[in-house]
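sequence unknown, structure follows:
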Ligand code: HEM
């Protein structure tokens, strides 16, 4: 038999446990980034015989995950998530027919063209966000979350958030928090030793199984409660247009024709997936944007000068202004490059043995496209840790560096919400920049406090709490903002 090529490079491993001792429990993106620096753009880790391949440069990610997508689009099962009762959720689905069905459903509602029809909702919520930030900046994280959740809920269930203690928001928050604590895909003790699921709580190593059982009800509520509300509203004739309402109508028509291509669990699963995939990622990106604006006031000023020149100070930004604001466009790209909100993306899994540039990638390996490593690649980006939107401008104005690739993932798993998410980010950034001044806070002696660039990573990565000041750019801008039309005209 021909000799098998070697696995990709890796740090020294111990017998049997492999790299178990060096695998971190948090801040994976930095660990993976350093791994790439030390051992090359494609490396591997072996934990108890399970292989994880870590990719830190864009070329290798494109070669494997885009060009060989049919082989690299599986997902590793996450035992904790399954035990919690997650089902029919695209992000976790293995490659196969249900995956394709759900991709089609996402495409139907979030393709490039349809995504533009959601702009009235995004515009309205961006204005509400800026209004809230102008009045009560101390609650900014809450408002970022509310912005991203409100948009998704309006589209998926026709639900409008009007109060702070909205039951939908609380549900999403709770299941989101449970998911973030569920461990790495395919890498918790439960994935290695599935029998632990059946052991009593006192048995050593059963933490994840117990945790999963404790969250079953929350997950069930997140699937059922919003769905049942729409069903009831449809029966009463009060339902607003929404994805769930359209899907339910389609299902009822199909059932009448005996041609059912999706069922009620598919509808519920898709809606819940929109929340978990779309809210934390978007609000984290806005938090990262705020941190960049506080640390790089010259970039903020340049964007505001561009907005003033194109829009003037007599009105607020609209989507139709986008093509006329190239600096703002670069600023959005630079936000995703500087510190990506989903820095390790979602790991893929390889279906069949493969060989890449003389390295063997065994069937079943988990493949992590470490976006952090790609956007901080010093061979591509000079001074990658500093925030500089002009890096993408052609020379001699800028450095002529490429826009970051892979920020929405890869191949057949690429983020299906990318057009919609990009529009949410753009209108929120444009509105905040046009109406607000974001700056460093000062201490008791009047000295500016420079925030640290540190992150908390769960499913998404967001800046650790940092001090800053947010004020309206002027009294006139505040009144423009407060008089803005924020009626729900979707
Ligand atoms: C700033 C916001 C967002 C960012 C940065 C982002 C980024 C990503 C990334 C990197 C992936 C992994 C792709 C891969 O596996 O290669 C992903 C997957 C996914 N995203 Fe997004 N996303 C965002 C917002 C959204 C929104 C708003 C939605 C839905 C409305 C959404 C739905 C999904 C879904 C369903 C998946 C899983 C796809 C699959 O497994 O086939 N995302 N996203």
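Perfect, I can see it now. Given the structure is predicted, the values throughout are model-derived calculations rather than measurements.

host element of the most centrally placed residue in the chain?
Against the mean C-alpha coordinate of the chain, by Cα atoms, centre = their mean, the closest residue is residue 281 at 3.0 Å. Assigning secondary structure by DSSP states H and E places residue 281 in helix 264-295.

right, is that helix up against the ligand?
Yes - interface with the ligand: helix 264-295 contributes 273-274, 277-278, 281-282, 285 (Cβ under 6 Å from any ligand atom). Where C-beta positions appear, they are placed from N, C-alpha and C, glycine not excepted.

related to what we said a few turns ago, close enough to count as contact, the residue nearest to the centre of the chain and residue 460?
Yes - the pair residue 281 and residue 460 passes the contact test of Cβ atoms under 8 Å, sitting 4.9 Å apart.

Give the residues shared as contacts by these two.
341-342 (Cβ atoms under 8 Å, 6 or more residues apart in numbering).

Could you tell me the angle between the host helix or strand of residue 156 and helix 264-295?
Assessed by DSSP H and E, residue 156 sits inside helix 140-157. Helix 140-157 and helix 264-295 are oriented at 150 degrees to each other (axes from the mean of the first three to the mean of the last three Cα atoms, to 10 degrees).

The very next helix or strand once past helix 140-157 to helix 140-157, inter-axis angle?
Downstream of helix 140-157, the first helix or strand assigned by DSSP H and E is helix 167-180. Angle of helix 167-180 versus helix 140-157, following the same axes, to 10 degrees, is 110 degrees.

give me phi/psi at residue 51?
phi -100, psi 130 (degrees, to the nearest 10).

residue contacts, it?
7, 44-45, 361-362, 364-366.

which non-adjacent residue is nearest it?
residue 365 (4.2 Å; Cβ to Cβ, 6 or more residues apart in numbering).

List the buried residues in stretch 447-459.
Neighbour counts using 16 or more other Cβ atoms under 10 Å place 451, 453, 455, 457, 459 of stretch 447-459 among the buried residues.

Just the ones in helices from those, please.
Per DSSP state H, helices hold no members of the buried residues of stretch 447-459.

which of those residues lies closest to residue 245?
For the buried residues of stretch 447-459, the residue nearest residue 245 by Cβ to Cβ is residue 459; the value is 27.8 Å.

what residues does this structure put near the ligand?
Contacts of the chain with the ligand, taken as Cβ under 6 Å from any ligand atom, map to 90-91, 106, 110, 152, 273-274, 277-278, 281-282, 285, 341-342, 345-346, 348, 408-410, 413-417, 420-421, 425.

mind redoing it with 5 Å?
Counting by Cβ under 5 Å from any ligand atom, the chain comes close to the ligand at 90-91, 273-274, 277-278, 281-282, 285, 342, 345-346, 409-410, 413, 415, 417, 421.

which stretches of the stretch 251-400 of the chain have low pLDDT?
Along the stretch 251-400 of the chain, no part satisfies pLDDT under 70.

What ranges does it have for its strands?
If DSSP state E, counting those that start in this stretch is used as the criterion, the strands of the stretch 251-400 of the chain fall at 348-349, 354-356, 359-361, 366-369.

To residue 209, which of those strands lies closest?
Nearest to residue 209, of the strands of the stretch 251-400 of the chain and by Cβ to Cβ, is strand 366-369 at 21.0 Å.

returning to that earlier point: identify those among the buried residues of stretch 447-459 that sit within strands.
The strands, defined by DSSP state E, take in 455, 457 from the buried residues of stretch 447-459.

Serialize the buried residues of stretch 447-459 to CSV and add fields for pLDDT.
CSV is the format used below for the buried residues of stretch 447-459 (pLDDT from 0 to 100):
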residue, pLDDT
451, 96
453, 93
455, 90
457, 70
459, 67
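
List just the nearest of the buried residues of stretch 447-459 to residue 256.
Nearest member of the buried residues of stretch 447-459 to residue 256, counting by Cβ to Cβ, is residue 459, at 39.2 Å.

Show the pLDDT at the residue of the stretch 51-200 of the chain at minimum distance from the ligand.
Distance from the ligand to each residue of the stretch 51-200 of the chain (Cβ to the nearest ligand atom) is smallest for residue 91, at 3.8 Å. We have a pLDDT of 92 for residue 91.

Validate this expectation: it resides in a helix.
Yes - remark: residue 91 belongs to a helix, assigned using DSSP: H, G, I helix; E, B strand; the rest coil.

How about the contacts made by it?
Residue 91 touches 75, 273, 276-277, 346, counting by Cβ under 8 Å, 6+ apart.

TSV please, covering those and showing neighbour count.
As requested, the contacts of residue 91 are arranged in TSV below (neighbours: other Cβ atoms under 10 Å):
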residue	neighbour count
75	20
273	23
276	22
277	23
346	18
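
which two of these lie the greatest distance from each other?
Among the contacts of residue 91, 75 and 276 lie farthest apart (Cβ to Cβ), at 14.4 Å.

ok, back up a step: the strands of the stretch 251-400 of the chain into a markdown table, with extra columns for mean neighbour count?
A markdown table is the format used below for the strands of the stretch 251-400 of the chain (neighbours: other Cβ under 10 Å):
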| stretch | mean neighbour count |
| --- | --- |
| strand 348-349 | 26 |
| strand 354-356 | 15 |
| strand 359-361 | 19 |
| strand 366-369 | 26 |
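
coming back round to it: out of the contacts of residue 51, which end up buried?
Listed as buried from these are 7, 44-45, 361, 365-366; burial here means 16+ other Cβ under 10 Å.

Poorly predicted segments of the stretch 1-150 of the chain, please.
Along the stretch 1-150 of the chain, the parts satisfying pLDDT under 70 run over 1-2, 25.

tell me the strands in it, going along the chain?
Using DSSP E, counting those that start in this stretch, strands in the stretch 1-150 of the chain cover 42-47, 50-55.

to the chain's geometric centre, what's the distance from the first one?
Pointing back at strand 42-47 there. 25 Å (Cα atoms, centre = their mean, to the nearest Å).

ok, now the last one?
Between the centre of strand 50-55 and the centre of its chain there are 22 Å (Cα atoms, centre = their mean).

Quick one: work out the angle between it and strand 42-47.
Using the same axes, to 10 degrees: strand 50-55 against strand 42-47 is 160 degrees.

Would you list the strands that strand 50-55 pairs with, along with their directions?
Its sheet considered, strand 50-55 pairs with strand 42-47 (antiparallel), strand 366-369 (parallel) by DSSP bridges.

hmm, who's touching the last one?
With Cβ under 8 Å, 6+ apart as the contact definition, strand 366-369 has outside contacts at 28, 32, 50-55, 61, 64-65, 72, 76, 185-187, 344-345, 347-350, 361, 406, 409-410.

for the longest one, same thing?
With Cβ under 8 Å, 6+ apart as the contact definition, strand 42-47 has outside contacts at 7-11, 13, 17-20, 23, 35-36, 51-57, 60, 187, 356-357, 359, 365.

Now a ChimeraX select for only the buried ones of those residues.
This is the ChimeraX syntax for the buried subset of the contacts of strand 42-47, where burial follows 16+ other Cβ under 10 Å:
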select :7,8,10,13,18,19,23,35,36,51,52,53,54,55,56,57,60,187,356,359,365
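
Identify those among the contacts of strand 42-47 that sit within helices.
Those of the contacts of strand 42-47 lying in helices (DSSP H): 35-36, 60.

Dump these into JSON lines; add distance to residue 249 as well.
Output for those, formatted as JSON lines (distance: Cβ to Cβ, whole Å):
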{"residue": "35", "distance to residue 249": "50"}
{"residue": "36", "distance to residue 249": "49"}
{"residue": "60", "distance to residue 249": "45"}
